[in-house]
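> Any chance you can model this:
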Amino acid sequence: MDIRPITPDYAVSPQIDLEDLAALREAGYTTVIDNRPDAEIPPHLHTDPMQAAAEAAGLKFVVNPVIGGALTLENVETQRNAIEQSTGPVLAYCASGNRSSIVWALANAETIPVDDLIGLPARHGYDLNHIRPMIQRIRGES
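Numbers count the residues shown, from 1 in each chain. Just a heads-up that it's a prediction; the model follows:
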């Protein structure tokens, strides 16, 4: 498992395994967000088995598949709601952590400074500069 903390309360990761879920709970995470569509992964890592294992470990599991190149407003709203409703730290995963970083940045576009939305994920190798104009539009900046 390769946890990459974006903030003290939000981390991203490449694909996790079923056996990682108990360790996430032990590490203090309370919510796991699945940003990976089932079509990308083997059946044993699909939403249903992951959700069952997460819930058995005492984690809240949020299904929010983000399709590469087809991010939706619903994805952003679902991510924002999951983060806001979490009772503790959140871990979101996808193939590399990039999509989970992008949807986090857009979900927080109105509340976190633009440079932080770009810079915090960059510490882990995620280049979000291409979404800077989108973040600025959400904020009403030119």
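
> can you pull out the strands in this protein?
Assigned by DSSP state E, the strands in the chain fall at 4-7, 10-13, 31-34, 60-63, 90-93.

> chain center to the third one: distance?
Relative to the centre of its chain, strand 31-34 is centred 7 Å away, using C-alpha atoms, centre = their mean, to the nearest Å.

> Name every strand pairing with that strand and say which way it goes.
Next to strand 31-34 in the sheet, as set by DSSP bridges, lie strand 60-63 (parallel), strand 90-93 (parallel).

> out of the strands of the chain, nearest to Ala53?
Nearest to Ala53, of all those, is strand 60-63, at 8.6 Å by C-beta to C-beta. Where C-beta positions appear, they are placed from N, C-alpha and C, glycine not excepted.

> For Asp121, give its distance to Ile6.
Heads up, residue 121 is Pro, not Asp. Pro121 sits at a distance of 6 Å from Ile6 (criterion: C-beta to C-beta, to the nearest Å).

> Name the residues contacting each of these two.
Residues touching both Pro121 and Ile6 by C-beta atoms under 8 Å, 6 or more residues apart in numbering: 12, 101, 104.

> from memory Val12 sits against Ile6, does it?
Yes. Applying C-beta atoms under 8 Å as the test, Val12 and Ile6 come out as touching, 6.1 Å apart.

> Find the residues that touch each one of the two.
The contact sets of Val12 and Ile6 overlap at 101, 104, 121, 124 (C-beta under 8 Å, 6+ apart).

> so what's Pro8 closest to, chain neighbours aside?
Spatial nearest neighbour of Pro8, chain neighbours left out: Pro89 (7.3 Å); criterion: C-beta to C-beta, 6 or more residues apart in numbering.

> All set, thanks.
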